[in-house]
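> Just the structure for this:
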Amino acid sequence: NLPIGRKANSAESGNKMKRVEMKTMSLAVVALLTACNQEDPCGVDDFTAQATSRFPVGETYLLPPMRGDVETCGERVWELVESAGENLLASDAGSQVRFTPDAAGSYRFALTGTDIERELVAISTDEIPFHNLMYLPTASMAEVGEEVWVAQAYAPTVSRLDKNGEELGAVSVGPWPVALAVNPEATEVYVVQQGNDRLGVVDVASGRLVDSIWVGDEPSNVVLSPDGTLAYVALTGESAVAVVDLESRVVEKRLASPEEPRALALSADGGVLYVAGHRTGQPERFPYAEGELSGPDVLGIDVASGDERFRVEEVGNLIYEMLMDANTDELYVSTTVSWPERGLTDLSTAPFEAQIQVYDVATANLLRSTVLQPGSEEEGFPLGPNDIVRDGDTLWVVVEGTGLVVGLHAEDLSETSRVAVSGAPRAGLLVDEQLWVHASQHFEVLAISEGAVSAAFTAGTDPRPAEVAAGQLTYTQPGDGYGEN
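Modelled structure (predicted):
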């Protein structure tokens, strides 16, 4: 046993030496890593989750914030030293520097007074794989001089058409553009990019996205002040409205709103903003549980003070759009109202109604309303009354679910005309006294004349896989056999 014991002792001694050596090496590595990981007080803090290659044109790249102050580190500024496009750097009030590439290619940034550089490689929107977020367009059409611009939502582009419906090209923007607004001079178009929570700024003369402003969670709609200096952006995910100073391109403040705001309307003088919650969850309204939410459906907010000027508690289950009539101080609202108990007890009455309601903005009283009726006994009730467009004495209602454009008399809301349309229409626009409708699911714009679709214009290219496009179209429609009974 002795030799074995001696060998064991020798092995144990060797193992101890190895452990000492390994421990010494480990301490050396830790010391080296600690030295390497010590922050340079004048360095930068990278956003490590942010891509730097295959970066989509129209997205916004954030330059790393700088550590230290001018006294410690001297004057330092991010500069664009190599560019494939025309855009420049931009920054907000907090000195966060940003850049929106407008062309595919390489970009290089350098921090003056240091050897710090960053590189970005951008790709065109055609190379971006489709990423489904299922945001739906709202105010997706706008007249821009002698053109009509269309936000595609499902593609990161804004299509440009002339007033004959010919495609003039497209502007690459951020993901899921759902709404547009134009300044009074028609020099800039503002794009609600719901997929990256930003408001894009498009220079009309050059036809490119020059900047985008972070506004908040899930922006869904936008209106501008009458002088074009402020943008009011509905933030569906925050239940608030962001107020954006368009000259400084900074979010100035937030206004209170109903739950999940989407529809917006502004008084003629720009003093009161009317905001409607899309799904407010009123306890009396199906399918929401008792006591789930208790806020109002529509608010009117003084934009200067933030004080409440108008309030309607109960409008409907889903509120789609609002239209302010400056001549009469009346607010038109499109909504779906549901009574689930009807379908359980009486098949002769509809469990839901597509309604147009009209309110006096001075008193918040309901002045009149109408229910959109089936066109015949073989048809179901219209589903999904979205946009409202005023054309003289006619009020056009764009109905997505059942594919209709319904004309109502603006005074008594009696029906004057009805046109069947395809492609799940959501937005309308009066173009030289002709109604144009955005059939977003078909990537088309439809012209309505004399009670019929007179023309269909292609607006962009659908990037969705066929199965996704078919599924999303089905999602917006009633099921097979709807209305047969």
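
> Only C-alpha atoms from now on, for both contacts and neighbour counts.
OK.

> residue nearest the centroid of the protein?
Per Cα atoms, centre = their mean, the C-alpha nearest to the average position across the chain is that of Gln194, at 2.7 Å.

> contacting residues around it?
Applying Cα atoms under 8 Å, 6 or more residues apart in numbering, we find Gln194 in contact with 135, 175-178, 218-220.

> can you pull out the helices in the stretch 301-450 of the chain?
Here the stretch 301-450 of the chain has its helices, by DSSP state H, counting those that start in this stretch, at 340-345.

> got it, and the stretch 1-150 of the chain?
Here the stretch 1-150 of the chain has its helices, by DSSP H, counting those that start in this stretch, at 2-37, 70-73.

> State the distance from Thr349 to Thr336.
Applying Cα to Cα, to the nearest Å, the value for Thr349 to Thr336 is 15 Å.

> what do you get for Val150?
Val150 is 26 Å from Thr336, by Cα to Cα.

> More neighbours: which of these two?
Per other Cα atoms under 10 Å, whichever of Val150 and Thr336 has more neighbours is Val150, with 31 against 21.

> Could I get the pLDDT score of that one?
At Val150, the model reports a pLDDT of 98.

> Can you tell me, leaving aside adjacent residues, what's nearest to it?
Leaving out its chain neighbours, the residue that sits closest to Val150 by Cα to Cα, 6 or more residues apart in numbering is Met141, at 4.6 Å.

> for Val202, what are its contacts?
Going by Cα under 8 Å, 6+ apart, Val202 touches 188-191, 208-211.

> tell me, how many neighbours does the nearest residue to Pro296 once chain neighbours are set aside end up with?
Closest residue to Pro296 apart from its sequence neighbours, by Cα to Cα, 6+ apart: Glu313 at 4.1 Å. Glu313 has 15 neighbouring residues, counting by other Cα under 10 Å.

> Tell me the one among the contacts of Gln194 nearest to Phe55.
Nearest to Phe55 out of the contacts of Gln194 is Pro175 (Cα to Cα; 12.2 Å).

> if I look at the closest one, how far off is Gly145?
Using Cα to Cα, Pro175 is found at 25 Å from Gly145.

> Mind checking which of these two has more residues around it?
Neighbour count, other Cα under 10 Å: between Pro175 and Gly145, Pro175 has more, with 26 against 14.

> neighbours of the residue lying closest to Gly74 once chain neighbours are set aside, just the number please.
Excluding the flanking residues, the one nearest Gly74 by Cα to Cα, 6+ apart is Gly113, at 7.8 Å. Neighbourhood size, Gly113 [other Cα under 10 Å]: 12.

> In this model Glu75 seems to touch Gly113, though I could be wrong.
Yes. At 7.4 Å, Gly113 and Glu75 qualify as touching, with contact defined as Cα atoms under 8 Å.

> what's the nearest residue to Gly451 if we skip its chain neighbours?
Closest residue in space to Gly451, ignoring its immediate chain neighbours: Val419 at 5.9 Å, by Cα to Cα, 6+ apart.

> Can you tell me how far that neighbour is from Arg254?
40 Å.

> Have a look at the two and say which one is more surrounded.
Neighbours per residue (other Cα under 10 Å) separate Val419 from Arg254, with Arg254 holding more: 20 against 16.

> Is the more buried one bridged to anything, and to what?
Following DSSP bridges, Arg254 is listed with bridge partners Ala242.

> which of the helices of the stretch 1-150 of the chain has the lowest average pLDDT?
Lowest mean pLDDT within the helices of the stretch 1-150 of the chain: helix 2-37, a mean of 45.

> What is the neighbour count of Phe352?
20.

> okay but it is in contact with Leu318, surely?
No. In this structure Phe352 lies outside contact range of Leu318 using Cα under 8 Å: 10.8 Å.

> Now the common contact residues for those two.
336-337.

> okay, now the closest residue to Glu119 other than its chain neighbours: neighbour count?
Once flanking residues are discounted, Glu119 sits nearest to Arg108: 4.5 Å by Cα to Cα, 6+ apart. Counted by other Cα under 10 Å, the residues lying close to Arg108 total 15.

> show me what contacts Arg108?
Neighbouring residues of Arg108 by Cα under 8 Å, 6+ apart: 80-83, 117-120.

> Let's see that with 7 Å instead.
Contacts for Arg108 (Cα atoms under 7 Å, 6 or more residues apart in numbering) come out as 80-83, 118-120.

> got a list of what Arg249 touches?
Residues near Arg249 by Cα under 7 Å, 6+ apart: Ile213.

> and the gap between it and Thr370?
41 Å.

> Tell me which helix or strand in this protein has the weakest average pLDDT.
When each helix and strand of the chain is scored by mean pLDDT, DSSP states H and E, helix 2-37 comes last, with a mean of 45.

> Helices - which of the contacts of Val202 land there?
Taking DSSP state H, every one of the contacts of Val202 sits outside helices.

> How about Tyr482, nearest residue that isn't a chain neighbour?
Gly380 (6.0 Å).

> now do Ile128
Pro56 (6.8 Å).

> ok, now which ones touch that neighbour?
Counting by Cα under 7 Å, 6+ apart, Pro56 has contacts 122-125, 128.

> Would you mind listing which of those are buried?
The neighbour count (16 or more other Cα atoms under 10 Å) marks 122-125 as buried among these.

> which one among those residues gets closest to Ala424?
Nearest to Ala424 out of these is Thr125 (Cα to Cα; 24.6 Å).

> so the closest one makes contact with Arg54?
No. Thr125 sits out of contact with Arg54 when judged by Cα atoms under 7 Å, with a separation of 10.3 Å.

> Give me the pLDDT for Gln373.
94.

> which ones among the contacts of Pro56 are found in strands?
Within the contacts of Pro56, residues falling in strands by DSSP state E are 122-123.

> what's the closest of the contacts of Pro56 to Gly428?
Proximity of the contacts of Pro56 to Gly428 (Cα to Cα) peaks at Thr125, which lies at 26.4 Å.

> Which residues are in contact with the closest one?
Per Cα under 7 Å, 6+ apart, neighbours of Thr125: 56-57, 156, 172.

> For those, give me a markdown table that also has pLDDT and distance to Val70.
Output for the contacts of Thr125, formatted as a markdown table (pLDDT from 0 to 100; distance: Cα to Cα, whole Å):
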| residue | pLDDT | distance to Val70 |
| --- | --- | --- |
| Pro56 | 95 | 34 |
| Val57 | 96 | 33 |
| Pro156 | 96 | 39 |
| Ser172 | 96 | 37 |
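
> Pull the contacting residues for the closest residue to Ser53 other than its chain neighbours.
Of all residues not flanking Ser53 in the chain, Val121 sits nearest, at 4.7 Å (Cα to Cα, 6+ apart). By Cα under 7 Å, 6+ apart, the residues touching Val121 are 52-55, 105-107.

> On the pLDDT front, check the residue nearest to Pro296 for me.
92.

> How much space separates it from Val298?
Counting by Cα to Cα, the gap from Glu313 to Val298 is 7 Å.

> can you check Gly174 too?
From Gly174 across to Val298, the span is 30 Å (Cα to Cα).

> With Pro65 instead?
Taken as Cα to Cα, the span from Pro65 to Val298 is 40 Å.

> Compare the two and say which is more crowded by neighbours.
Regarding Pro65 and Val298, a neighbour count based on other Cα under 10 Å identifies Val298 as having more, with 28 against 16.
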